[in-house]
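Asks: here's my sequence, what's the structure:
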Amino acid sequence: MSEEGKAKEAPTRGGQEPDLLVEAIPALVWRAGPEGDIEYVNQRMLEYLGAPLGEVIGWGWMDKVHPDDVAFKKRTWLENLERGTPHDTVCRFRGADGRYRWFEVRGEPRRDSDGRVLSWIGVLIDTDDRRKAKEALRESEYKLRQIIDTIPALTRSTGSEGDQPGFMAQLQAILNVLPAYTWYAAPSGALTFVNKRTADYLGLPKDHLLRLGIDIGAQYDAHIGFLHPDDREESRKAWPVNMRTGEASEFSFRVRNAQGGYRWFLSRVEPLRASDGTLLQWVGVNLDIEERKRAEQALRESEAKFRDYAESASDWFWEIGPDYKFTMLTENAFGSNAADRIGAACWDRALDLETEPEKWRLLHAALGLRKPFRDFVYCCADGNGSPIYVKASGKPVFDGNGEFRGYRGSGADVTATIRAQEEHERLRQLESDLSHMNRLSVMGELAASLVHEVTQPIGSARNNARASLNFLGKESPDLGEVREALECVVGDADRARDIIDRIRAHIKKAVPLTERINLNEAISEVIGLARSAIAENGVSVQTQFGEGLGPIEGDRVQLQQVVLNLILNAIEAMRSIDGGARELLISTEQVGTSGVVVAVHDSGPGIDPEFRERVFEAFYTTKSSGVGMGLSICRTIIDSHGGRLWAEANAPLGAVFQFTLPSAEASSEISSRLIGSESRT
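Replies: This next block holds a predicted model:
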């Protein structure tokens, strides 16, 4: 698919990844661009309309409006767009079942710091049930008025008592069959009748439905006892006003049912008058709005929860327009003074534009291709000018026509994390330096024996070279002898070179080299390197190398450094013994298919069990001239190779230091661990 095709296909949810909190709001939510084209509607609205998003975004939503309401809705919407004023109108929308319902459409403009409209956020409030109830009430009132107009006794300002029961009987009959909670009261406000539906809800005795003209309550506030205690005071204040003005009213309160529970009702009260204007009755209808109240409460709670999340989140939210300038930032953005950045390019105040140009080039390329980006970390100045590190993620926004409208995303202050990483890197560098110093210290201890190791092959080469000259000086040179002597010279030179290379490898700084190692061969080389120290201290060395040992993957020099440290420590421990054998046993053993175990046994004085773990602590030492870093560094190296180093008692005396190493097949992450432990040893 072409990039253009991808861009047009991208806005599967209005060009943005829908916010889960918005989706949780129990209402039909929409968002439009500054020109009025719909960019996003939530899932609840899509489910009601029964249409895919592609049929709704842009101006497609107009097809869902009732034909009789289209002109009015479009005119009011365009007027609000032009003036930038809140949108509040009513119209009918067709649902998935093909039926139309009345909705109150509300929209509020969102503006930048200069007052320009950035977008519109709105909801659709279902008012169909309430509207139908009002229509039913008006229809009932119309029928009542027709009845009143046809009863002669009620067309006069003073009626006959004999005529009244006939009217009341007709009125009661109508009210009792209405599918609504209806009632009426005397002009004084005293409740005189409730219909059967209302009586059943309140749990009133049936005789109240059979007796006419007898007050249920002698006072205008007899209904107060049925109201929720928190709503009674407001009702007491409202009724006298109605009595005084004689005007219709509408208010809501909670009414107790027969079971003692409360439900919310919307009460509509209309005065019923004779043709001469005389107030005859108050007629009321109560609409059950419990579900609507719950929905409104749930909406308020969802909105409050969303605000709490947005205000308390460590991350912040942002939007930029097609010119990459901020159009929205939450208050906690960039630490402080987030509003000052509205209208500024998103890379303004970046402090690493010049120091890390390649990183920014890649970001600009992603923005130019309208691609999402994630976890882009950069350094910028906060509101006080201090440097902070920001991690940002964003996604492009497209309108219904596939036109690019900017980016929307989140950001977070990761200064503490970056500083911690820098400190960790500094500690890693210090650890590397200490490891290198440890190797230099070890080589210093071996300096005298190393001189012998190097001079021995050099001396041998000199003797063989002199022998060659002697052979050539004869009257009949023995070329076979000369060739043999020269081959010995070459062999001695190679041996001296290998010794020097091993010394150089142990003392120089180099990048860790991960390779497959024959552990038995590597240990044999270390024993050869320490041969002079072994001989000088009268130590006998034995090896028990496991046969068929699997290859180990790691850094050869580092692992040889560990073995050399353990051998020299063992020699020094046995040096303190005035009598008895000084025996050193070095063994390797295959442990199933998971790896190998290397052990260095000595016959020295051993280690107090109380201090077996402390010997691996940095700067802890039992040597008068030691610094206590050797074993600590050894453990770090083994840990980085995925193994474990520990000490135990050796039977019958002495100590044994052992470490495990995973096989090459079991150490797929060895390279990253090595770099993490010593990226420059």
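Asks: would you mark the buried spots in the helix or strand hosting residue 235?
Replies: Element membership for residue 235, per DSSP states H and E: helix 229-245. Neighbour-count burial for helix 229-245, counted by 16 or more other Cβ atoms under 10 Å, picks out 231, 232, 235, 239, 242. Glycine gets a C-beta too; all of them are placed from N, C-alpha and C.
Asks: and stretch 194-208, by the same measure?
Replies: Buried, per 16+ other Cβ under 10 Å, within stretch 194-208: 194, 195, 196, 197, 198, 199, 201, 202, 204, 208.
Asks: next one: the fifth one from residue 249, what distance?
Replies: Right, residue 198. 18 Å (Cβ to Cβ, to the nearest Å).
Asks: kindly report the same for the fourth one.
Replies: Look at residue 197 and residue 249: by Cβ to Cβ, they are 21 Å apart.
Asks: ok so, going back, could I get the buried residues of helix 229-245 as a markdown table with pLDDT and distance to residue 612?
Replies: A markdown table is the format used below for those (pLDDT from 0 to 100; distance: Cβ to Cβ, whole Å):
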| residue | pLDDT | distance to residue 612 |
| --- | --- | --- |
| 231 | 87 | 76 |
| 232 | 86 | 79 |
| 235 | 79 | 82 |
| 239 | 71 | 89 |
| 242 | 70 | 91 |
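Asks: which one of these sits closest to residue 376?
Replies: Nearest to residue 376 out of the buried residues of helix 229-245 is residue 231 (Cβ to Cβ; 54.7 Å).
Asks: ok, the spatially most central residue of the chain - contacts?
Replies: The centroid of the chain falls nearest to residue 315 when counting by Cα atoms, centre = their mean (8.9 Å). Shown in contact with residue 315 (Cβ atoms under 8 Å, 6 or more residues apart in numbering): 410, 411, 412.
Asks: one more time with 6 Å, if that's ok
Replies: Counting by Cβ atoms under 6 Å, 6 or more residues apart in numbering, residue 315 touches 410, 412.
Asks: would you mark the buried spots in stretch 599-619?
Replies: Those would be 599, 600, 601, 602, 603, 604, 606, 607, 615, 616, for stretch 599-619 by 16+ other Cβ under 10 Å.
Asks: quick one, strands of the stretch 501-650 of the chain?
Replies: Here the stretch 501-650 of the chain has its strands, by DSSP state E, counting those that start in this stretch, at 514-517, 540-544, 552-555, 583-591, 595-602, 644-649.
Asks: show me the domain layout of the protein.
Replies: Using automatic domain parsing, the domain parsing of the chain gives 3-126, 131-293, 313-413, 446-509, 511-681.
Asks: make TSV out of those domains and add distance to residue 422.
Replies: Formatted as TSV, the domains of the chain follow (distance: least, Cβ to Cβ, whole Å):
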stretch	distance to residue 422
domain 3-126	33
domain 131-293	55
domain 313-413	10
domain 446-509	21
domain 511-681	14
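Asks: who wins for proximity to residue 426 among those?
Replies: domain 511-681 (12.4 Å).
Asks: which pair of the buried residues of stretch 599-619 spans the longest distance?
Replies: Longest span within the buried residues of stretch 599-619, Cβ to Cβ: 603 and 616, 21.7 Å.
Asks: from the buried residues of stretch 599-619, which is closest to residue 590?
Replies: residue 599 (12.9 Å).
Asks: any idea what that closest one is bridged to?
Replies: Beta-bridge pairing for residue 599 (DSSP bridges): residue 587, residue 658.
Asks: do the same with residue 350
Replies: Bridge pairing for residue 350 - DSSP bridges - gives residue 380.
Asks: leaving out chain neighbours, which residue sits closest to residue 573?
Replies: residue 604 (3.4 Å; Cβ to Cβ, 6 or more residues apart in numbering).
Asks: how close does that neighbour get to residue 653?
Replies: With distances taken as Cβ to Cβ, residue 604 is found 8 Å from residue 653.
Asks: got it, and residue 280?
Replies: Taken as Cβ to Cβ, the span from residue 280 to residue 653 is 118 Å.
Asks: so for those two, which residue has more residues nearby?
Replies: Legend: neighbour count by other Cβ atoms under 10 Å for residue 280 and residue 653, higher for residue 280 (19 against 13).
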